[in-house]
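S.K.: Sequence and predicted structure are below.
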Amino acid sequence: MARPLNAERMLQMVLRFAGIMMLLALPTLFLPFETMNAVNRYLTGEPLPPARTLLYLTRSVSLLYASQGAITLFLSAHVQRYLPLLRFQAWVALCFGGSMLALDLWIGMPPLWLWIEGPWLLLLSLIVLYLTGTLMRKETRL
């Protein structure tokens, strides 16, 4: 029998979705430079410079996203215990998503990129803030 879809269950589902999406950055850590260059050419029409710093930064960002995904998956299994931390994480993600959107606009990233990163982070953050707020209000009433 399926569990009822209450705020806690919805929060778990949203966090698991976000965690899995962030973990999808892990395989990109192993992309050959040629593949990264082909994707960049497709998105921007420009070649990707083969600088060590660029290779380091692209791979470390993949690791950061994957690490955040693993943490989010862990927290999703313990929603009640980590409710304040989840709320804080959502505020940080909201600021991060807004900053990434502003950065993408400033740099002139392609429209597909603009819609994939910042707005999704903003939307997920707002959903998590709403659900954590609902659960915290419910806790104070008990």
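M.R.: Happy to help now that I have it.

S.K.: I'd say Leu55 and Phe33 touch.
M.R.: Yes. The criterion here is Cβ atoms under 8 Å, and Leu55 meets it with Phe33 at 6.9 Å. For the C-beta atoms, the positions are set from N, CA and C on the backbone; glycine is no exception.

S.K.: looking at this protein, which helix or strand is least sure?
M.R.: helix 111-116 (a mean of 84; mean pLDDT, DSSP states H and E).

S.K.: Please name every helix or strand in contact with it.
M.R.: helix 83-107 (3 or more Cβ pairs under 8 Å, 6 or more residues apart in numbering; DSSP states H and E).

S.K.: Flag every buried residue along the helix it packs on.
M.R.: 83, 86-87, 89-90, 93-94, 96-97, 100-101, 104 (16 or more other Cβ atoms under 10 Å).

S.K.: wait, which of the residues you listed is closest to Pro119?
M.R.: For these, the closest approach to Pro119 (Cβ to Cβ) belongs to Leu101, at 6.5 Å.

S.K.: quick one: contacts for the closest one?
M.R.: Neighbouring residues of Leu101 by Cβ atoms under 8 Å, 6 or more residues apart in numbering: 114, 117-119, 122.

S.K.: can you redo those as JSON lines with distance to Met22?
M.R.: Converted to JSON lines, these look like this (distance: Cβ to Cβ, whole Å):
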{"residue": "Leu114", "distance to Met22": "19"}
{"residue": "Glu117", "distance to Met22": "11"}
{"residue": "Gly118", "distance to Met22": "15"}
{"residue": "Pro119", "distance to Met22": "16"}
{"residue": "Leu122", "distance to Met22": "15"}
